[in-house]
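Chemist: Sequence first, predicted model second:
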Protein chains: 2
Amino acid sequence: MRSITITAIEGIPMVKAGDDLATLIDTGLVHTGLKLATGDIVVCCQKIVSKAEGRVVNLQNIEPSAFADSLARRWEKDPRAVELVLRQTSRIVRNDHGVIIVETGPGWVCANAGVDESNSLEQDTAILLPEDPDASAAKLRAALKKRHGVDIAVVITDTFGRPWRDGLTEICLGIAGMNAMLDLRGKTDLGGRELHHTVVAIADEIACAAGLLMEKAAAVPVVVVRGYNYEPGEGSAKVLIRPAEADLFR
Amino acid sequence: MRSITITAIEGIPMVKAGDDLATLIDTGLVHTGLKLATGDIVVCCQKIVSKAEGRVVNLQNIEPSAFADSLARRWEKDPRAVELVLRQTSRIVRNDHGVIIVETGPGWVCANAGVDESNSLEQDTAILLPEDPDASAAKLRAALKKRHGVDIAVVITDTFGRPWRDGLTEICLGIAGMNAMLDLRGKTDLGGRELHHTVVAIADEIACAAGLLMEKAAAVPVVVVRGYNYEPGEGSAKVLIRPAEADLFR
C-alpha cells in the first residue's frame, strides 16, 4: 500500500527567544515516541521559529507614523500594529473592508504582512515573520540531521487567507532539503497523453496536510510527514511566489 | 500517537459515462487491500466524477460565438474550447496573459471555468465540472455507506491555480458527511488566549493532503484519509466560496 503518515509532535515546550528549536523538537519527539527517519519531512509552524529567533516586538516601543495613525483610525486597529505592518511592506496590494493586504520585502503577499497579533496583543506584543524562512529551515534541518543522523526535509508553514475562497489554509513559508514545486510538464499520463500546465505547489500541499494536525487550540506546532517521496534539493519557498509582473491580482 | 494516514487507492478502472463510481472504487479498494472504516474520508478527483456523470463534450458539436472566436484568436486557443468556457461563465474576473479566469454559474472562481482540456483535446473532447459536486459527493457517500456499512465522508477535489502564488494545489469542489470549514473562533489556545480570525478551510487542506498521492501521471484518482477527526454534518463546498461582495479580488 502506498501511504503517507502525518504525526502530531506533542509535548514541545513553550518557545522563548534564543531557544534552540532542534532541542525543543527532540523533547517533543521523545514525548510522542517518534524517531525521525531518512525521508521524513519535519513541518514546523512559523510562530515558534519567529519566537526562537526573537522576532517578537514590544508594541510600546513602536511610534506610529501619521499614515499608520490614519489607517488605524479608519479601520479601528491598533496604530502601533499598523505601523509594524507598514514597516514590513513594500507594496499595499489592497486596503479595504478593514483588511490590509501587502507585499512584504521578501515578496510574500498576505494580510498584515504576516504580523501576528492574534495571540500576542494582550501582552502588547506582536510577532513578525522570520527574516529569511528558507535559512531558518536550512538551519533547523542541519541541526536535526546532526542530532539524528538522518536525511530529512524541513518545511516552515504559516496560515494565510486567499482571494476568492473563504477560510485560512497553511502555506509553505520556508523550505530546506526538497524542491517546493513538482514539475510534471512533459510527463505523460497512463493514456500516454502529455500533461500540460502541471506544476504542483507540493510544499503548500504538505503544509496543508500538516495543518490537519496543527490545531491552534491544541498547540501542536510541529508535525512529521512520513512516506512522501519528495524530490531532494536545496529548496526555496521563493519559487512559490508568483513574480509581480506575471500576477494578474497584484 | 495522533496520526493521519493517507492511502492511494490503486487499480481503479478507466471511467466511462454512466459508470457507477462506488463499484469502480470498490475494485480499487480490493486491489489496494484497504477496507473502508467509519470515520474515513474518501477523496475523489473531479475528473472521474465528471466522466461518470457524462460531462464530456465533443468539441465538434460546439459552434463558437463571435466573442469566443475573438478571444481565441487573441490568445491562440481553440475557439470551441473558449466557447465552452464562456457557456459555464457568469462573470469574467480577469482575461490577460492568455488566461481566462471566470466565475462559474455555481460560483467557483477558476481558470477556464474548470473546463479540462489538458488530457482530452487530442480526442477533440473537453470535460466540464460536475453540475452539482455536493450532490455528486452525497450520492457517492450514500452508495459507499450502503456497500460497506460504515459512516464516511466524501470530498471531491479539483486542481486550481491561485493569485499571488505559483503552482497548482487541490481544492474541495464538493463534500458530503462533514463540515468543510473548521470554525475555531471563541476557542482559546493553551495560554488561555482567545483565537481570532481562525476559520480553517479544512476541506481544502484535506484536498491538498490527498493531492500528495493523487499524482496525475500515476493515475490515482481516489485517496482515503484515515484518522482525521472531522466534524460530521451534511456539508457543502459552497461555504468555501467567498461571496463576491466580500471579495477584494473579483
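Modeler: Nice, thanks for sending it over.

Chemist: remind me, longest helix of chain A?
Modeler: helix A:133-148 (DSSP state H).

Chemist: Name the residues of that helix that are buried.
Modeler: Within helix A:133-148, the residues that count as buried by 16 or more other C-beta atoms under 10 Å in any protein chain shown are A:133-134, A:136-141, A:143-145, A:148. For the C-beta atoms, the positions are set from N, CA and C on the backbone; glycine is no exception.

Chemist: And stretch A:94-109, by the same measure?
Modeler: Those would be A:94, A:100-104, A:106-109, for stretch A:94-109 by 16+ other C-beta under 10 Å.

Chemist: Dump those into JSON lines; add distance to residue A:222, secondary structure and pLDDT as well.
Modeler: As requested, these are arranged in JSON lines below (distance: C-beta to C-beta, whole Å; DSSP: H, G, I helix; E, B strand; the rest coil; pLDDT from 0 to 100):
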{"residue": "A:94", "distance to residue A:222": "33", "secondary structure": "strand", "pLDDT": "91"}
{"residue": "A:100", "distance to residue A:222": "30", "secondary structure": "strand", "pLDDT": "91"}
{"residue": "A:101", "distance to residue A:222": "28", "secondary structure": "strand", "pLDDT": "93"}
{"residue": "A:102", "distance to residue A:222": "28", "secondary structure": "strand", "pLDDT": "93"}
{"residue": "A:103", "distance to residue A:222": "29", "secondary structure": "strand", "pLDDT": "93"}
{"residue": "A:104", "distance to residue A:222": "24", "secondary structure": "strand", "pLDDT": "92"}
{"residue": "A:106", "distance to residue A:222": "23", "secondary structure": "coil", "pLDDT": "83"}
{"residue": "A:107", "distance to residue A:222": "25", "secondary structure": "coil", "pLDDT": "88"}
{"residue": "A:108", "distance to residue A:222": "21", "secondary structure": "coil", "pLDDT": "91"}
{"residue": "A:109", "distance to residue A:222": "26", "secondary structure": "strand", "pLDDT": "92"}
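
Chemist: Quick check: the farthest pair among those residues?
Modeler: For the buried residues of stretch A:94-109, the maximum inter-member distance is 19.0 Å, found between A:94 and A:106 (C-beta to C-beta).

Chemist: quick revisit: pick the one among the buried residues of helix A:133-148 closest to residue B:221.
Modeler: residue A:137 (32.4 Å).

Chemist: doesn't residue A:156 make contact with the closest one?
Modeler: Yes: using C-beta atoms under 8 Å, residue A:137 is in contact with residue A:156, at 5.1 Å.

Chemist: Quickly list what's touching both of those two.
Modeler: Here residue A:137 and residue A:156 have A:44, A:174-175, A:237 as joint contacts, going by C-beta atoms under 8 Å, 6 or more residues apart in numbering or on different chains.

Chemist: Are any of those buried, and if so which?
Modeler: Those of the shared contacts of residue A:137 and residue A:156 that meet the buried threshold are A:44, A:174-175, A:237, by 16+ other C-beta under 10 Å.

Chemist: ok, the residue nearest the centre of chain A to chain B distance?
Modeler: Centrality entry for chain A: nearest residue to the mean C-alpha point is residue A:157, 2.4 Å, by C-alpha atoms, centre = their mean. Residue A:157 is 11 Å from chain B, where distance means C-beta to the nearest C-beta, to the nearest Å.
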